[in-house]
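A.B. asks: I need the structure of the sequence given here:
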Amino acid sequence: MQSDPAASRAARPTANGAAEARAGRGRIAFAAVLLVLAMGNSRAAPGPDAGAPAAAPLPDYSAILSDPIRSDGDRKTDERRKPLELLRFAQVRPGMKVLDVSAGGGYTTQLLALAVGPDGAVWAQMEKPRESFDKRLAAHPQANIHLLVRPFDDPYPADAPRLDLITLILNYHDVANEAIDRDVMNKRLFEALRPGGHLVLVDHAAAPGSGVRDTKTLHRIDEQLVVGELQRAGFRVEQRSEFLHVADDPRTQAFFDMKTPSDRFALRLVRP
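C.D. replies: Numbers count the residues shown, from 1 in each chain. Next up is the predicted model:
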């Protein structure tokens, strides 16, 4: 899948000593962030019952895409991922607290961290360590990125600062393929946001009414199924976007078997 304060469920694999060391560093880094927030840092995110902070101006997203820390591989990926449109749709602003669910190799995480700037923070959630993610940060460290190794049905600590934004990019269909209670996961995501905070979700579109039929074979999922599951958790759909829509995709192939980009849907949902 691409797609720290570690609780007891967040233990990392112990068979590999290097993985244990990375886990320790991730837990220490996240604990340090929480300590600063607890000591009254003036830039701390509001608690669960606080109102939305004053919105900062939108940054120059084009300059973010041109940042020299981004790799040539990322720039090639940009052609099909359309990161400029994604950042605009997500309305990422400096100072935001963001959770990137199923961060994978860190393509989206790095973009988010550049957009929120040094006064913001991005937590990259994954179920187990990813070598590609570690290599990305080793090549270009970003102090505002914090690794968060936790299961999908408990992706963010209940006692951590509430978030302004959560992203889940191209991986909800993969979550559907695992033994994960998505209702529990979605409720945890809802609770992790401050009131007025947003969840931005992008995935490969399956045929309408197909539900989870194609998640394993075609790696696609029915948009309306996703919307219904998120609404059940308390989210409200604020906007849908077609910046990744491909009208002539018959939705009969897995996206990785296609020579052209797949049809993808994009949702921005809000916690009322």
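
A.B. asks: From the centre of the chain outward, give me the first residue you hit.
C.D. replies: residue 100 (2.3 Å; CA atoms, centre = their mean).

A.B. asks: Could you check how far that residue is from residue 212?
C.D. replies: Here residue 100 is placed at a distance of 23 Å from residue 212 (CB to CB, to the nearest Å). (Each C-beta comes from the backbone N, C-alpha and C, glycine too.)

A.B. asks: Verify the stated contact: the residue nearest to the centre of the chain with residue 110.
C.D. replies: No - between residue 100 and residue 110 there is no contact under CB atoms under 8 Å: 9.4 Å.

A.B. asks: what are the ranges of the helices in this protein?
C.D. replies: Along the chain, the stretches classed as helices by DSSP state H are 17-38, 61-65, 72-81, 83-90, 107-116, 131-139, 172-176, 182-192, 223-232.

A.B. asks: For residue 164, which of the ones you listed is the nearest?
C.D. replies: helix 107-116 (8.7 Å; CB to CB).

A.B. asks: Can you give the contact residues for that closest one?
C.D. replies: 2, 59, 61, 64-65, 67, 69-70, 74, 77, 81, 83, 86-87, 92-98, 100, 103, 120, 122, 124, 133, 136, 140, 142, 144-145, 165, 167, 169 (CB atoms under 8 Å, 6 or more residues apart in numbering).

A.B. asks: Repeat that for stretch 65-82.
C.D. replies: 83-84, 107, 110-111, 114, 136, 139-140, 142, 243-244, 261.

A.B. asks: Let's have those in CSV, adding pLDDT and neighbour count.
C.D. replies: Supplementary listing: the contacts of stretch 65-82 in CSV, determined by pLDDT from 0 to 100; neighbours: other CB atoms under 10 Å:
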residue, pLDDT, neighbour count
83, 98, 21
84, 98, 15
107, 98, 24
110, 98, 27
111, 98, 27
114, 98, 23
136, 97, 24
139, 96, 9
140, 95, 13
142, 97, 17
243, 98, 13
244, 98, 22
261, 95, 16
